[in-house]
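Q: heads up, no residue letters with this:
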């Protein structure tokens, strides 16, 4: 099947999924050739990793135009992906959430393969889009991919946390990487009435910016992106041990199973503590990892035992977050707002309840 038909099929699939609805973005997905932006890549599923290359052209092309994320760069083997072409339905939802109009300008944080910048450039014109990435190799590759696709979009090497002040202010900023907090520099570089669409923890939010403040609302589609890198050096993957080390501190307490079974609490937890990782080793054994603090906790529900290592207590953070979630009436994700004041302080809000500072 020719790639033109595959592009149309993908766009129709995104429309059917509710991720895509604007004619301008439908045209972008139908007309921008994704296959020019990826060479070899890997798709990760529950069954494992599957490799694709243009040598098996038909299989490769069908995978390119599937609604799947394509892993394109790795560090320390294939256990730690450092760049990708995001899942198209997630890209479409984020692009729609920017609420753009003709003549608007956009800063993209995280160039990746350049495909998302190409979609933006198709919609707004190359002159109205700037993309920034910390990795010079990705910047060079994305620039070449964009050129091959007929775009002259500016792709710059730099720390995405700083934005790109040279061309500010922008109508919107879109981040294709996750951050723990929205950087103050981004707020300063968006026009009043503009938007920031970004991933905090495992939550995608669209922020309306006004007067140096912002109010973020969750998108209806959710995903977790790779963390924003502030160095071009590839990061070591974090190890996950299925059992606590012998030197772990051990305590016994009553454990609420809802801590691990409620999707609503999980969303709240990752807004409150975006860097926290939860790994389940079966129904009863769970690991809570705080890599930045080099602390971890293993919770065995069957015995009520918590084993911890490191300077912080991940279990106390988890239990405290549960109490805060419970005090807010155990809200669903869509009940929440994330507000940011002029100084960059972040708060989780729910109408009728006291805000939680994060």
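A: Now that the structure is in, tell me what you want to look at. Source: prediction; values computed, not measured.
Q: number of residues surrounding residue 16?
A: Here the count is done by other CB atoms under 10 Å, and residue 16 has 9 residues near it. For glycine as for every other residue, the C-beta is placed from the backbone atoms N, C-alpha and C.
Q: beta partners for the residue lying closest to residue 227 once chain neighbours are set aside?
A: Spatial nearest neighbour of residue 227, excluding adjacent residues (CB to CB, 6 or more residues apart in numbering): residue 178 at 5.2 Å. Under DSSP bridges, the beta-bridge partners of residue 178 are residue 199, residue 227.
Q: any idea of the pLDDT on residue 178?
A: Reading off the confidence values, residue 178 has pLDDT 91.
Q: which is the next helix or strand following whichever strand or helix holds residue 108?
A: When secondary structure is defined by DSSP states H and E, residue 108 falls within strand 106-109. Next helix or strand after strand 106-109 toward the C-terminus (DSSP H and E): helix 115-124.
Q: that following helix packs against which elements?
A: Under the contact criterion of 3 or more CB pairs under 8 Å, 6 or more residues apart in numbering; DSSP states H and E, the helices and strands touching helix 115-124 comprise helix 23-31, helix 88-97, strand 106-109, strand 129-133, helix 136-148, strand 170-179.
Q: so which of those comes closest to residue 38?
A: For those, distance to residue 38 was read as CB to CB. The smallest value, 8.5 Å, belongs to helix 136-148.
Q: and that closest one, how far out from the chain middle?
A: Helix 136-148 has its average C-alpha position 21 Å from the chain's average C-alpha position, going by CA atoms, centre = their mean, to the nearest Å.
Q: low-confidence ranges in this protein?
A: Across the chain, the stretches falling below the confidence threshold (pLDDT under 70) are 76-79, 231-243, 246-247, 253, 257.
Q: and the helices in it?
A: For the chain, the helices defined by DSSP state H cover 3-16, 23-31, 57-64, 88-97, 115-124, 136-148, 184-188, 258-261, 263-272, 314-327.
Q: okay, these in CSV with distance to residue 163 next?
A: Putting the helices of the chain into CSV (distance: least, CB to CB, whole Å) gives the following:
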stretch, distance to residue 163
helix 3-16, 29
helix 23-31, 24
helix 57-64, 31
helix 88-97, 17
helix 115-124, 15
helix 136-148, 16
helix 184-188, 5
helix 258-261, 37
helix 263-272, 22
helix 314-327, 30
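Q: among these, show me which one is buried the most.
A: Mean neighbour count, computed with mean count of other CB atoms under 10 Å, is highest for helix 115-124 among the helices of the chain, reaching a mean of 26.
Q: rebuild the helices and strands packed on helix 115-124 as TSV, extending it with distance to residue 197.
A: Listed next are the helices and strands packed on helix 115-124 as TSV, based on distance: least, CB to CB, whole Å:
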stretch	distance to residue 197
helix 23-31	13
helix 88-97	5
strand 106-109	10
strand 129-133	14
helix 136-148	19
strand 170-179	5
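Q: residue 342: which of these is closest?
A: If we rank those by CB to CB, the stretch that ends up nearest is strand 170-179, at 17.4 Å.
Q: relative to strand 129-133, how tilted is the closest one?
A: Between strand 170-179 and strand 129-133, the angle comes out at 20 degrees (axes from the mean of the first three to the mean of the last three CA atoms, to 10 degrees).
Q: quick check: residue 272 touching residue 324?
A: Yes - applying CB atoms under 8 Å as the test, residue 272 and residue 324 come out as touching, 7.1 Å apart.
Q: and for those two, which residues touch both?
A: Counting by CB atoms under 8 Å, 6 or more residues apart in numbering, the common neighbours of residue 272 and residue 324 are residue 356.
Q: ok, back up a step: residues contacting the residue nearest to residue 227?
A: 198, 199, 200, 201, 224, 225, 226, 227, 228, 274.
Q: residue 136 versus residue 318, what's the distance?
A: 39 Å (CB to CB, to the nearest Å).
Q: circling back to that earlier point, check which strands are paired with the strand holding residue 108 and give the direction for each one.
A: According to DSSP bridges, strand 106-109 has the following sheet partners: strand 129-133 (parallel), strand 170-179 (parallel).
Q: identify the residues contacting the shortest one?
A: Contact partners of strand 129-133, identified using CB under 8 Å, 6+ apart, comprise 105-112, 114, 116-117, 120-121, 139, 142, 153-158, 160, 163-164, 167, 170.
Q: my guess is residue 275 contacts residue 180. True?
A: Yes - counting by CB under 8 Å, residue 275 touches residue 180, with 5.7 Å between them.
Q: got the phi/psi numbers for the one residue sitting closest to the centre of the chain?
A: When CA atoms, centre = their mean is applied to the chain, the residue found nearest the centroid is residue 225 (2.8 Å). When read as degrees, to the nearest 10, the backbone of residue 225 gives phi -100, psi 160.
Q: that one touches residue 179, doesn't it?
A: No - the pair residue 225 / residue 179 is not scored as a contact, 9.1 Å apart, by CB under 8 Å.
Q: measure residue 296 to residue 313 for me?
A: As for residue 296, its distance to residue 313 is 10 Å (criterion: CB to CB).
Q: neighbour-wise, which of those two wins?
A: Set side by side, residue 296 and residue 313 show more neighbours around residue 296, with 26 against 19, by other CB under 10 Å.
Q: no further questions, thank you.
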